[in-house]
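let's see this in three dimensions:
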Amino acid sequence: MEDPQHKGYREKGLEVLKRYGVKVWSDVKIETTKGSFEGLILPRSSTEDACHIVIKMKSGYNTGIHVGNITHIRQVGYREGKYKIPEKEFPKNPKKPNVTLLGTGGTIASRLDYTTGAVIPAFSPGELYGAVPELADVCNLTTRKLFGVFSENMGPSQYKELAQEIGKEIGNGAHGIVIGHGTDTMHHTASILSFMVQDSPVPIILVGSQRSSDRPSSDAARNLLNATFAAAHSDIAEVMVCMFGPTSDDYDLLHPGTRVRKMHSSYRSTFRTIGEIPIAMIWPDRVVPLRSYKQRRKDTNVKIDAVYEEKVAILYYYPNMLPDMVDSLVDNGYKGIVIAGTGLGHVNYALNPSLKRAIEKGVAVVMTVQTLWGYVHMNVYDTGRYLLELGVIPCENMLPETAYMKLCWVLGHTTDLEEVRKMMLMPIAGEITPREPHNGYLIYQGGIPEVERFLATYKK
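Numbering: from 1, shown residues only. All right, here's what the predicted structure looks like:
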């Protein structure tokens with residue numbers, strides 16, 4: 001973040017480097033108004049502003065220094081950067097299953113260049129073999145980069161193309177599909193693929209990493225190895241997310257695509273199954289199921305139904321939400337609204353006339369709960385009963401993001417509100433469950449004596 005005192009500062013980082021006679025990949029000692037810093041000057045990312053110089057410190061972490069704070073730079077060494085992983089031919093074995101890795105963007109795996117501290121991305125089979133050689137023990141790997149976008153820029157065109165390509169790979173005989181994906185919207189993509197790709201005969205597994213490979217705590221290689229093993233050898237034929245289970249390096253979890261959610265901004269074990277339990281625990285050499293699932297088949301038949309209506313929105317209800325929030329969506333041609341309501345599925349009375357108008361104009365309005373756990377029960381209180389009378393569709397225990405993706409998919413088929421209701425309430429991929437597990441909703445509140453005693457016995 002730029003200091004207020006540097007607002008409007010004009011000198012750029014490159015100009016400062018030239019002034020002191022240093023360049024990228026130089027080991028430097030930088031004197032600033034806030035202290036001294038030592039490290040390796042890294043290339044500037046296209047997404048970073050030009051007024052900061054980024055260095056990799058000895059701790060392995062990167063830090064940005066605003067040029068306005070720099071009083072002197074002294075070069076103490078130089079290390080030439082390498083931008084490509086040396087490729088090794090990925091060994092093929094006809095006795096091993098064939099797995100296809102589809103790239104959507106970001107770094108699926110990488111290797112740290114110990115000379116410079118730079119992170120070198122890996123994607124081709126040869127590069128991945130160089131970065132994670134254990135992959136060759138698991139399968140015959142084929143990779144295809146479909147597009148290169150940050151996960152927040154994933155959208156309808158990428159979802160449709162990804163679904164179609166999955167269908168092609170299954171038709172060509174792939175034993176499993178792995179999808180490299182950024183973690184921020186991975187659960188959204190897993191959800192829409194669960195509707196666009198139905199009755200798959202093979203595992204379809206999304207995988208990413210919370211920590212980059214230049215950090216000692218990186219989860220990239222472990223996640224990729226576990227996801228690839230599950231795609232190659234498990235008999236679970238569903239759309240899933242594979243990420244760390246505990247915060248330790250012990251195992252990963254396979255989460256169902258419609259019931260998974262990113263729950264922490266930085267933890268490696270950020271993904272949790274909500275309203276259900278995970279499908280399985282996964283190690284680099286074995287899978288241990290935790291519940292029933294759709295099983296792998298030997299055929300190559302899969303239903304690809306890649307439709308999507310873009311004019312759908314989520315309204316996260318808050319006290320004193322004004323009716324113009326709903327009105328603006330209707331006036332701008334939106335065809336669907338997902339409400340994350342309070343309690344059992346409620347909003348304030350002030351919204352009722354606008355919701356009535358929306359439904360009368362053919363807008364599909366569905367209700368979920370912002371508590372995430374639990375079911376919509378709109379017939380308990382007058383507030384909910386009136387919404388039911390208006391035609392708001394209660395979505396049982398569907399997660400708000402899953403309901404959003406399903407409504408986009410349903411409205412891609414029909415805008416008839418009665419048909420929308422039927423399709424939204426017909427379970428397709430576990431998005432609605434008949435009950436939630438009795439031991440599923442557990443929140444350990446730190447500081448409580450009995451919880452602290454339990455945590456003290458847990459091996460971290």
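
who's in contact with the top helix by length along the chain?
Ranked by number of residues, the top helix in the chain under DSSP state H is helix 156-171. Helix 156-171 has contacts (Cβ atoms under 8 Å, 6 or more residues apart in numbering) with 100, 102, 104, 144, 146-147, 149, 177, 179, 189, 192-193, 196-197, 200-202, 204, 300, 302, 304-308, 310, 408. Just so you know, the C-beta spots here come from the backbone N, C-alpha and C atoms, and that holds for glycine as well.

just those: which are in strands?
Cross-referencing the contacts of helix 156-171 against strands under DSSP state E gives 100, 102, 144, 177, 179, 197, 204, 304.

which of these sits closest to M57?
Relative to M57, the closest of the ones in strands among the contacts of helix 156-171 is I179; by Cβ to Cβ it sits at 33.7 Å.

what is the mean pLDDT for the helix or strand where I337 lies?
For I337, the element it lies in under DSSP states H and E is strand 336-341. For strand 336-341, the mean per-residue pLDDT is 98.

pull out the buried positions in the very next helix or strand once past it.
Using DSSP H and E, the next helix or strand after strand 336-341 towards the C-terminus is helix 352-360. By neighbour count on 16 or more other Cβ atoms under 10 Å, the buried set for helix 352-360 is 352, 354-356, 358-359.

between these, which is nearest K294?
I359 (35.1 Å).

list the contacts of that closest one.
Contacts of I359 (Cβ under 8 Å, 6+ apart): 365, 390-392, 417.

determine the number of other residues adjacent to H413.
By other Cβ atoms under 10 Å, the residues close to H413 number 13.

now it. Nearest residue, chain neighbours left out?
V307 (6.0 Å; Cβ to Cβ, 6 or more residues apart in numbering).

K406 is in contact with that neighbour, correct?
No - the criterion here is Cβ atoms under 8 Å, and V307 misses it with K406 at 11.8 Å.

which of the two has more residues huddled nearby?
Just comparing V307 and K406: by other Cβ under 10 Å the higher neighbour count belongs to K406, 28 against 16.

sec struct for that one, please.
Per DSSP: H, G, I helix; E, B strand; the rest coil, the secondary structure class of K406 is helix.

quick check: pLDDT value at it.
98.

next: the one 5 residues further on.
Here, the pLDDT recorded for L411 equals 98.

apart from its neighbours in sequence, what residue is nearest T183?
Using Cβ to Cβ, 6+ apart, the closest residue to T183 is G208 (4.4 Å).

can you list the domains in this protein?
4-78, 98-304, 312-424 (automatic domain parsing).

still on that earlier bit, relative to strand 176-180, how tilted is the longest helix of the chain?
150 degrees (axes from the mean of the first three to the mean of the last three Cα atoms, to 10 degrees).

how about helix 156-171: buried residues?
Neighbour-count burial for helix 156-171 [16+ other Cβ under 10 Å]: 158-160, 162-163, 165-167, 169-170.

also stretch 187-201?
Buried residues in stretch 187-201 (16+ other Cβ under 10 Å): 187-197, 200-201.

can you give me the helices in this structure?
13-19, 125-131, 156-171, 186-196, 220-233, 324-331, 352-360, 382-390, 400-411, 417-424, 449-456.

how far off centre is the first one?
With Cα atoms, centre = their mean, to the nearest Å as the basis, helix 13-19 stands 37 Å off its chain's centre.

the third one too?
Helix 156-171 has its average C-alpha position 18 Å from the chain's average C-alpha position, going by Cα atoms, centre = their mean.

again, but for the fourth one
Averaging C-alpha coordinates over helix 186-196 and over its chain gives two centres that are 10 Å apart (Cα atoms, centre = their mean).

cool, the last one as well?
In terms of Cα atoms, centre = their mean, the centre of helix 449-456 is found 31 Å from the chain centre.

just flag the most distant two among the buried residues of stretch 187-201.
Top of the distance list for the buried residues of stretch 187-201 (Cβ to Cβ): H188 and P201, 24.4 Å.

need the helix or strand of the chain with the lowest average pLDDT.
strand 109-113 (a mean of 53; mean pLDDT, DSSP states H and E).

relative to the top strand by length along the chain, what are the paired strands and their orientations?
In the chain, taking DSSP E as the definition, the longest strand is strand 70-78. Here strand 70-78 has these sheet partners by DSSP bridges: strand 26-32 (antiparallel).

ok, residues contacting the strand it pairs with?
22, 36-41, 53, 55, 65, 69-79.

swap the cut-off to 6 Å and go again
22, 37-38, 40-41, 69-78 (Cβ atoms under 6 Å, 6 or more residues apart in numbering).

report the two of those separated the most.
Farthest pair in the contacts of strand 26-32, by Cβ to Cβ: N69 and Y78, 23.5 Å.

what about these two, which has more around it?
Legend: neighbour count by other Cβ under 10 Å for N69 and Y78, higher for N69 (18 against 15).

distance of that one from H52?
10 Å (Cβ to Cβ, to the nearest Å).

I appreciate the help and will end here.
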